[in-house]
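S.K.: one predicted model, sequence on top.
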Amino acid sequence: MSERWDIPQIVLLSAHNVTAWRRRTCRAALAVAFLLACAAPQSPGSAANLTVRGEIIGIAGEYIIEGQDTLLDIARRFDLGFVELRAANPTTDVWLPAPGTRLTLPTAHVLPDVERIGIVVNLPEQRLYFFRRAPSTVLTFPLGTPRAGCPIPRGTTTVIRKRTQPTWTPPPSLRAERPDLPDHVPAGPSNPLGEYALDLGWRGFLIHGTNKPDGIGRRVTHGCIRLYPEDIEKLFAEVPLGVRVNVIDQPVKLGWSDGILYLEAHRTVDELDTIESQGMVSRHDDGTACRNAKPMIHAKVGPLEDRLDWDAVCRALRERRGLPVRILK
């Protein structure tokens with residue numbers, strides 16, 4: 001049985017109609033079954049400013065591969081991270097996907113279970129959310145996140161400084177690997193911070209741009225958070241000094257929208273590297289993930305427990321494709 005997607009894959013794109021489709025504006029209305037609506041997975045220069053519907057934002061879509069597309073090309077075109085696109089399409093070849101292949105675009109998201117204030121970084125999904133004071137819309141962007149051995153703290157801090165054309169000071173972890181690095185790298189094409197940087201209250205940790213956009217949606221940094229150049233420009237303009245930054249670790253999210261409960265499951269932080277290198281993580285399905293999620297799901301669903309589709313729950317937790325899945329019958 002096929003999965004019952006959120007906010008389903010109702011928009012089918014090709015390279016020729018992406019721009020025209022993105023310009024159309026439609027108001028999505030959720031329905032009990034698949035809804036007919038339109039929304040715009042983003043492309044460079046068009047940040048994802050999404051309307052909140054309950055605890056869901058965005059609408060999933062499909063893209064038909066043409067020509068010499070690679071997953072890295074398509075990820076940036078739709079403002080997605082590499083691993084999240086790879087996880088949503090685990091059988092698609094990364095470098096030579098066959099023309100005509102239909103890709104699922106993971107452009108719908110269950111909001112993290114945190115207070116909707118300021119910047120929220122969810123490490124397992126490698127995604128940033130910026131909640132403005134007006135709660136009706138959210139900015140969201142894919143991220144490059146710290147690799148193994150260079151963790152960023154979990155918890156809350158603030159943006160203490162905003163810099164344009166920042167100078168980069170190589171961190172000790174990188175200098176240990178490359179002692180030939182200069183003490184400082186000025187602004188320019190060789191600067192890995194890109195054109196904008198937000199300094200956090202945690203010493204040495206930043207949210208910044210990049211001169212290597214292929215690293216977005218991958219665990220490649222030495223402790224900082226990277227965004228596509230076009231995304232950090234948008235975020236930099238929106239974020240005030242002193243805004244709160246909350247770094248969380250929520251691989252499984254639950255959210256209501258129009259009376260329907262959705263589950264979105266991602267791989268753990270420790271599994272992300274394997275997804276990138278091998279496509280998917282092999283794990284023995286002994287039912288542990290499903291059993292462990294039951295208290296969380298029971299608490300969320302309340303009196304509608306008898307409508308839970310446990311087959312859909314367990315399948316989503318087993319596959320962890322990062323897509324909102326309807327889990328009510």
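M.R.: Structure's in. What do you need?

S.K.: okay, CA-based contacts and neighbour counts for the rest of this
M.R.: OK.

S.K.: point to the residue nearest the middle of the chain.
M.R.: Nearest to the mean C-alpha position of the chain, by C-alpha atoms, centre = their mean, lies Arg127 at 3.4 Å.

S.K.: so how far is Pro112 from it?
M.R.: 10 Å (C-alpha to C-alpha, to the nearest Å).

S.K.: what of Glu62?
M.R.: From Glu62 over to Pro112 the distance is 24 Å, taken as C-alpha to C-alpha.

S.K.: swap in Leu80?
M.R.: From Leu80 across to Pro112, the span is 17 Å (C-alpha to C-alpha).

S.K.: quick one, longest strand in the protein?
M.R.: Across the chain, the longest stretch assigned as strand under DSSP state E is strand 155-164.

S.K.: give me the sheet partners of that one and which way each runs.
M.R.: Strand 155-164 pairs in its sheet with strand 196-200 (antiparallel), strand 244-248 (antiparallel), by DSSP bridges.

S.K.: winner for burial among those?
M.R.: Mean neighbour count (mean count of other C-alpha atoms under 10 Å) peaks for strand 196-200 among the strands paired with strand 155-164, with a mean of 24.

S.K.: neighbour count: Leu80 and Pro112, which is higher?
M.R.: A side-by-side neighbour count of Leu80 and Pro112, using other C-alpha atoms under 10 Å, places Leu80 first with 29 against 22.

S.K.: surely the residue nearest to the centre of the chain meets Ile119?
M.R.: No - contact criterion C-alpha atoms under 8 Å: Arg127 and Ile119 do not qualify, at 10.5 Å.

S.K.: helix, strand or coil: sort out Arg315 for me.
M.R.: Under the three-state scheme (DSSP: H, G, I helix; E, B strand; the rest coil), Arg315 adopts helix.

S.K.: identify each buried residue in stretch 80-95, please.
M.R.: Across stretch 80-95, burial judged by 16 or more other C-alpha atoms under 10 Å covers 80-90, 92, 94.

S.K.: return the distance of it from the chain's centre.
M.R.: Here the centre of stretch 80-95 is set off from its chain's centre by 12 Å, with C-alpha atoms, centre = their mean, to the nearest Å.

S.K.: check the separation of the first and last residues in stretch 165-175.
M.R.: Using C-alpha to C-alpha, the two ends of stretch 165-175 sit 22 Å apart.

S.K.: swap that for stretch 140-154, please
M.R.: 19 Å.

S.K.: buried residues in that stretch?
M.R.: Across stretch 140-154, burial judged by 16+ other C-alpha under 10 Å covers Thr140, Phe141, Pro142, Leu143, Gly144, Thr145, Pro146, Arg147, Cys150, Ile152.
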